[in-house]
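> What follows is a protein structure lacking sequence information:
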């Protein structure tokens, strides 16, 4: 990408990643090698999000040009252009059955659409400021929206009526999402916190604190046991969703982390940043928390500290740490040696550090 990357998401089978950028394009990438496979061009302004349908056959993009587009994920051809919002569209997401999708807009509304015909089927009104995100519940019966008005709202999909408003944040919300089992809702806010709510009663269950900057994005892992967040403090964080404690911090981006999402099996995380890159991380139970944090620190190595980093890398303790990480990536995450080489190249800027790391990879594979 030639501009900031605002979102990144794995395909349902985990083989592809789609990214959305302010360079007006979405791009499809091979998730294992990082190779660019296709570029989706057609919007007249920056893209704020790009999302796969649950069956992986389609992609929905949301743009500052006030439109959403549906694309064939295999051919890259535009299937439909959705017009109806009167301002920028921040987010678009498919329903679980892929028959409809919802868009969130700066015109203070969310809209429902038929994903086959592109026809508008409903409008959710009630927020007093821009709607930043809109997400279906796992059963497809509800939608939760997040807004600049500092609230999240829960809606009935069938009737379009408001069920409850979630109030408690002191700054605008960046996202709201249901847990996989549909019992909780998480909200991420510019007040530097993430809150967990009971999806049935709207009661506040927990507040996650730890980021030093605004929290722009948050997502549950597929098993609902972890949460990943992205922030303006240039980091992503892993949290234990059950007790709200931080598990690891992912260092490596040089600007705001706009999006952080798990792969379908929960073994990897993809982050998107204003530094014009998306990065892939090993996460979850497949790699120890210590090893995950160690890898993130290696990713942060740059030209200004290359010599010191290589010296530290070759210390006995760090050699052991790296060996443990390689074993986890090989045996549990299923990454090939070539895929780990690609991760090193993508995340470590200094060539001498790249070569030192790849030598160690080769040693332990």
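Thanks, I have the structure now. Note that the structure is predicted; figures quoted are calculated from it, not measured.
> what kind of secondary structure is residue 354 in?
The local conformation at residue 354, judged by DSSP: H, G, I helix; E, B strand; the rest coil, is helix.
> beta partners of the closest residue to residue 102 other than its chain neighbours?
Taking CB to CB, 6 or more residues apart in numbering as the measure, residue 102 lies nearest to residue 134, with 4.4 Å between them; neighbours along the chain are not counted. No exception for glycine: its C-beta is placed from N, CA and C like everyone else's. Residues in a beta bridge with residue 134, per DSSP bridges, are residue 145.
> quick one: contacts for residue 134?
Under the criterion of CB atoms under 8 Å, 6 or more residues apart in numbering, the contact list for residue 134 reads 91, 93, 102, 103, 104, 110, 124, 143, 144, 145, 146.
> change it to 6 Å
With contact taken as CB atoms under 6 Å, 6 or more residues apart in numbering, residue 134 is in contact with 91, 102, 104, 110, 143, 145.
> Would you check which pair of these lies furthest apart?
Farthest pair in the contacts of residue 134 (CB to CB) is 91 and 143. Separation: 11.4 Å.
> For residue 284, give me the pLDDT.
Looking at residue 284, its pLDDT stands at 47.
> Which secondary structure elements does the helix or strand hosting residue 122 sit against?
Taking DSSP states H and E as the criterion, residue 122 maps to strand 120-125. Secondary-structure packing of strand 120-125 (3 or more CB pairs under 6 Å, 6 or more residues apart in numbering; DSSP states H and E): strand 109-114.
> Sheet-wise, list the partners of the strand it packs on with their directions.
Sheet partners by DSSP bridges: for strand 109-114, these are strand 100-105 (antiparallel), strand 120-125 (antiparallel).
> buried residues in it?
Using 16 or more other CB atoms under 10 Å as the burial criterion, the residues of strand 109-114 that qualify are 109, 110, 111, 112, 113.
> what's the nearest residue to residue 120 if we skip its chain neighbours?
Distances taken as CB to CB, 6+ apart put residue 84 closest to residue 120, at 4.9 Å, once the chain neighbours are dropped.
> Let me fix that, I meant to ask about residue 230.
Across the structure, with CB to CB, 6+ apart as the measure, the residue nearest residue 230 apart from its sequence neighbours is residue 257 (3.5 Å).
> Other residues contacting stretch 174-192?
Contacts made with stretch 174-192 from outside it, assessed by CB under 6 Å, 6+ apart, are listed as 132-133, 135, 137-138, 144, 146, 152, 169-173, 194-197, 199, 211, 214-220, 224.
> coming back round to it: the residue nearest to residue 120 and residue 110, how far apart?
As for residue 84, its distance to residue 110 is 11 Å (criterion: CB to CB, to the nearest Å).
> so which of the strands paired with strand 109-114 gets nearest residue 270?
Relative to residue 270, the nearest member of the strands paired with strand 109-114 by CB to CB is strand 100-105, separated by 20.8 Å.
> Distance from the chain centre to that closest one, please.
Computed by CA atoms, centre = their mean, to the nearest Å, the separation of strand 100-105 from the middle of its chain amounts to 17 Å.
> What are the boundaries of the helices in this structure?
With DSSP state H applied, the chain shows helices at 289-299, 306-313, 316-331, 337-347, 351-364, listed in chain order.
> Check these for me: which has the lowest mean pLDDT.
helix 289-299 (a mean of 52).
> sorry, back to before: so can I have a markdown table of the strands paired with strand 109-114 showing mean pLDDT, mean neighbour count and distance to residue 350?
Below are those laid out as a markdown table (pLDDT from 0 to 100; neighbours: other CB atoms under 10 Å; distance: least, CB to CB, whole Å):
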| stretch | mean pLDDT | mean neighbour count | distance to residue 350 |
| --- | --- | --- | --- |
| strand 100-105 | 97 | 26 | 40 |
| strand 120-125 | 97 | 16 | 49 |
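> could you redo these as CSV and give each row distance to residue 70?
Below are the strands paired with strand 109-114 laid out as CSV (distance: least, CB to CB, whole Å):
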stretch, distance to residue 70
strand 100-105, 8
strand 120-125, 13
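> Closest one of the contacts of residue 134 to residue 341?
When the contacts of residue 134 are ranked by distance to residue 341 (CB to CB), residue 91 comes first, at 34.1 Å.
> That closest one: what's it in contact with?
For residue 91, the residues meeting the contact criterion (CB under 6 Å, 6+ apart) are 49, 62, 104, 133, 134.
> The first one pairs with what?
Per DSSP bridges, the residues bridged to residue 49 are residue 62.
> Number the residues from 34 up from this point.
With 34 as the first residue, the last one maps to residue 82.
> wait, doesn't it sit right on residue 40?
Yes: Residue 82 sits in contact with residue 40 when judged by CB atoms under 6 Å, with a separation of 4.4 Å.
> joint contacts of the two?
residue 53.
> pretty sure residue 226 contacts residue 243?
No: between residue 226 and residue 243 there is no contact under CB under 6 Å: 8.8 Å.
> What count of nearby residues applies to the closest residue to residue 160 other than its chain neighbours?
Using CB to CB, 6+ apart and skipping residues adjacent in sequence, the residue nearest residue 160 is residue 180, 4.2 Å away. Other residues near residue 180 number 24, with proximity taken as other CB atoms under 10 Å.
> Against residue 207, how distant is residue 180?
Distance from residue 180 to residue 207, counting by CB to CB: 10 Å.
> so where's the protein uncertain?
When the per-residue scores of the chain are filtered using pLDDT under 70, the ranges that remain are 316-342, 345-346, 354, 357, 360-368, 376, 379-382.
> which residue of it sits farthest from its center?
Relative to the centre of the chain, and counting by CA atoms, centre = their mean, the farthest-placed residue is residue 349 at 35.2 Å.
> what sits against residue 49?
If you count contacts by CB under 6 Å, 6+ apart, residue 49 has them with 61, 64.
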